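Peer 1: Need coordinates for the below:
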Amino acid sequence: MEVTTNSVLFAKRSSTAIKHLTYKDLVILHCLRGFCAFYVVVYHAKYVLWSGARDYLTAFPRATWNVVQYIAFALDMLSSAGYEMVIFFFVLSGFFIRYAQQRKTRTPTSFYINRIVRIYPPYLVSVLLAVGTLTFVARYVPGMLTTAGNHELNSALLQAWNELQHADIKSLIQVFGFLPSSNNVFIGYNIVHWSLLPEALFYLLVPLAFWHVRAYYGASLILYVVGIMIKIFHYDSNGLLDFLLVYNFYFAVGAALYDVVVRTAWLARFQLASGKLLLFMVLLLVCIILLMAILKLRVLSEVAAVLLAVLVTSALLAGRVPRHNMAVRLFHPVGIFSFSLYLYHFPLLVLCESVLVFNTGNLVNYIRYYWLAIPVVVLICYTLYWLTERVSINFFRNL
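Peer 2: A predicted model of the protein is given here:
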């Protein structure tokens, strides 16, 4: 981690409270959005197009592996924390919403209209894409819709197809409310839609929460502690309760981080911190997240993801990573269309799987075709961004 001339200047600004941050200060954080979205794409590509770790280990016992197979499998496991990257994204979302509201305070009506315009057009396109993909698969590759075998994808697609054929007004309400069916399946089976409900509930809460923001932070912490205690006893999942007792806290952490950054010398402390120590902490948290994700210890992996989000966001804002860093330059453009990438990638991966199944006749593949699908899907999502989300944003800005 380096300290640039700009970062030194920023540190001087950070030695006392900052009144506000500018978009220029925050633009580097787009690389984090891009990384999170891309990571989720890789995570889902492995789920859709590969056999999965357990099936792979059954088919190819480790006793038969060579060095190359060990390295390849280790690379597969590096993308096991897709859920945790969504938690990371929640923290970023809270940070950016707090910044936006502080920069330009909107009335509740204005804020809600802004969020509706920003979210619904690309979201509804993603619903249509998922429905169209599922219909295509059911018609041309019906063998993918089955409960035979152990691949969760195929049984889930069958259930989603059965529900789609019986869609009614209730299904339409569920779509607009970001809600799954009673069987916890989203219409068209686009599983990324689960995260839109916590996001939408946070947006509903923002005008009231930011009115008395300290009370909001305190209540969020208390509810989260209660949620953790309840989670230990395996309470039944509920969208509203999950938000109030778990996910809201992650948004609140992001919003609180913004306040800490602009009101204290937080970034100055990051300037003075050892670069080796910061790098060690990042790598340690990444290892913890991966291990906890593989072991499915979500409470611990979520906390680690939040800590990683706070640490990396602070380090970037403090200038500890230069803007010409290769990773920053690589993921920053992806961050621009990260919402479209996130919304559209899953049905596109299912389409890639349908092509693979059609040509091979195999529902389960042990060859890592998913690495071939990733660049194709990212490119298509980028194209769809310009055809949908960007058009929507420009249209409503002109209005």
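Peer 1: Touching, residue 228 and residue 299? I think so.
Peer 2: Yes: taking contacts as Cβ atoms under 8 Å, residue 228 lies within contact range of residue 299: 6.1 Å. To be clear about C-beta, it is placed using only N, CA and C from the backbone, and glycine gets the same treatment.
Peer 1: residues touching residue 194, list them.
Peer 2: By Cβ atoms under 8 Å, 6 or more residues apart in numbering, the residues touching residue 194 are 180, 186.
Peer 1: just use 21 as the starting number from now, easier for me
Peer 2: Renumbered: residue one is now 21, and that last one reads residue 214.
Peer 1: Quickly note the distance from it to residue 247.
Peer 2: Residue 214 sits 17 Å away from residue 247, going by Cβ to Cβ, to the nearest Å.
Peer 1: And for residue 372?
Peer 2: Counting by Cβ to Cβ - residue 372 and residue 247 are separated by 37 Å.
Peer 1: Helices of the stretch 121-270 of the chain, residue ranges please.
Peer 2: 128-160, 172-185, 189-196, 216-229, 233-252, 259-262, 268-283 (DSSP state H, counting those that start in this stretch).
Peer 1: buried residues in the shortest one?
Peer 2: Of the residues in helix 259-262, those buried under the neighbour-count criterion (16 or more other Cβ atoms under 10 Å) are 259, 262.
Peer 1: and it, what does it pack onto?
Peer 2: helix 216-229 (3 or more Cβ pairs under 8 Å, 6 or more residues apart in numbering; DSSP states H and E).
Peer 1: Output stretch 297-314 as PDB, restricted to C-alpha atoms.
Peer 2: Extracted in PDB, the C-alpha atoms of stretch 297-314 (Å, rounded to 0.1, in the frame of the first residue of the first chain):
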ATOM      1  CA  LEU A 297      -0.300  -4.100   9.100                       C
ATOM      2  CA  LEU A 298      -3.200  -2.900   7.000                       C
ATOM      3  CA  LEU A 299      -2.400  -5.500   4.300                       C
ATOM      4  CA  PHE A 300      -2.100  -8.200   6.900                       C
ATOM      5  CA  MET A 301      -5.500  -7.300   8.400                       C
ATOM      6  CA  VAL A 302      -7.100  -7.300   4.900                       C
ATOM      7  CA  LEU A 303      -5.700 -10.800   4.100                       C
ATOM      8  CA  LEU A 304      -6.600 -12.100   7.600                       C
ATOM      9  CA  LEU A 305     -10.200 -11.000   7.200                       C
ATOM     10  CA  VAL A 306     -10.400 -12.400   3.700                       C
ATOM     11  CA  CYS A 307      -9.200 -15.800   5.000                       C
ATOM     12  CA  ILE A 308     -11.700 -15.700   7.900                       C
ATOM     13  CA  ILE A 309     -14.500 -14.800   5.500                       C
ATOM     14  CA  LEU A 310     -13.600 -17.700   3.100                       C
ATOM     15  CA  LEU A 311     -13.300 -20.200   5.900                       C
ATOM     16  CA  MET A 312     -16.500 -19.200   7.600                       C
ATOM     17  CA  ALA A 313     -18.300 -19.100   4.300                       C
ATOM     18  CA  ILE A 314     -17.200 -22.700   3.400                       C
END
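Peer 1: for the record, mean pLDDT for that stretch?
Peer 2: Regarding stretch 297-314, the rounded mean pLDDT is 97.
Peer 1: Also stretch 106-120?
Peer 2: Mean predicted lDDT for stretch 106-120 stands at 97.
Peer 1: again with stretch 186-203
Peer 2: The model assigns stretch 186-203 a mean pLDDT of 93.
Peer 1: how distant is that stretch from the center of its chain?
Peer 2: With Cα atoms, centre = their mean, to the nearest Å as the basis, stretch 186-203 stands 22 Å off its chain's centre.
Peer 1: Residues in contact with it: which ones?
Peer 2: Stretch 186-203 has contacts (Cβ under 8 Å, 6+ apart) with 143-144, 147, 179, 183, 206-207, 213-214, 216-217, 220, 259.
Peer 1: Separate out the buried members of those residues.
Peer 2: Among those, those classed as buried by neighbour count (16+ other Cβ under 10 Å) are 143, 147, 179, 183, 206, 207, 213, 214, 216, 217, 220, 259.
Peer 1: Tell me the spacing between the first one and residue 354.
Peer 2: Think residue 143. 19 Å.
Peer 1: Likewise for the fifth one?
Peer 2: The span separating residue 206 from residue 354 equals 24 Å under the rule Cβ to Cβ.
Peer 1: ok, now the fourth one?
Peer 2: If you measure residue 183 against residue 354 using Cβ to Cβ, the figure is 33 Å.
Peer 1: Show me what secondary structure element comes after the worst-scoring helix or strand of the chain on mean pLDDT.
Peer 2: The weakest-scoring helix or strand in the chain, judged by mean pLDDT, DSSP states H and E, is helix 25-34 (a mean of 46). Next along the chain after helix 25-34, taking DSSP states H and E as the criterion, comes helix 43-46.
Peer 1: ok and the helix or strand following that next one relative to helix 172-185, angle-wise?
Peer 2: Moving toward the C-terminus from helix 43-46, the next helix or strand (DSSP H and E) is helix 50-69. For helix 50-69 against helix 172-185, the angle by axes from the mean of the first three to the mean of the last three Cα atoms, to 10 degrees is 90 degrees.
Peer 1: Kindly format the C-alpha coordinates of helix 50-69 as PDB.
Peer 2: Presented in PDB, the C-alpha positions along helix 50-69 are these (Å, rounded to 0.1, in the frame of the first residue of the first chain):
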ATOM      1  CA  HIS A  50     -16.500   2.400  -7.400                       C
ATOM      2  CA  CYS A  51     -13.800  -0.200  -7.700                       C
ATOM      3  CA  LEU A  52     -15.200  -1.900  -4.600                       C
ATOM      4  CA  ARG A  53     -18.700  -2.000  -6.100                       C
ATOM      5  CA  GLY A  54     -17.200  -3.500  -9.200                       C
ATOM      6  CA  PHE A  55     -15.200  -6.100  -7.300                       C
ATOM      7  CA  CYS A  56     -18.200  -7.200  -5.200                       C
ATOM      8  CA  ALA A  57     -20.500  -7.500  -8.300                       C
ATOM      9  CA  PHE A  58     -17.900  -9.400 -10.300                       C
ATOM     10  CA  TYR A  59     -17.100 -11.700  -7.300                       C
ATOM     11  CA  VAL A  60     -20.900 -12.600  -7.100                       C
ATOM     12  CA  VAL A  61     -20.900 -13.400 -10.800                       C
ATOM     13  CA  VAL A  62     -18.000 -15.800 -10.300                       C
ATOM     14  CA  TYR A  63     -19.700 -17.300  -7.300                       C
ATOM     15  CA  HIS A  64     -22.900 -18.000  -9.200                       C
ATOM     16  CA  ALA A  65     -21.100 -19.100 -12.300                       C
ATOM     17  CA  LYS A  66     -19.500 -21.900 -10.300                       C
ATOM     18  CA  TYR A  67     -22.900 -22.800  -8.800                       C
ATOM     19  CA  VAL A  68     -24.700 -22.900 -12.200                       C
ATOM     20  CA  LEU A  69     -22.100 -24.300 -14.500                       C
END
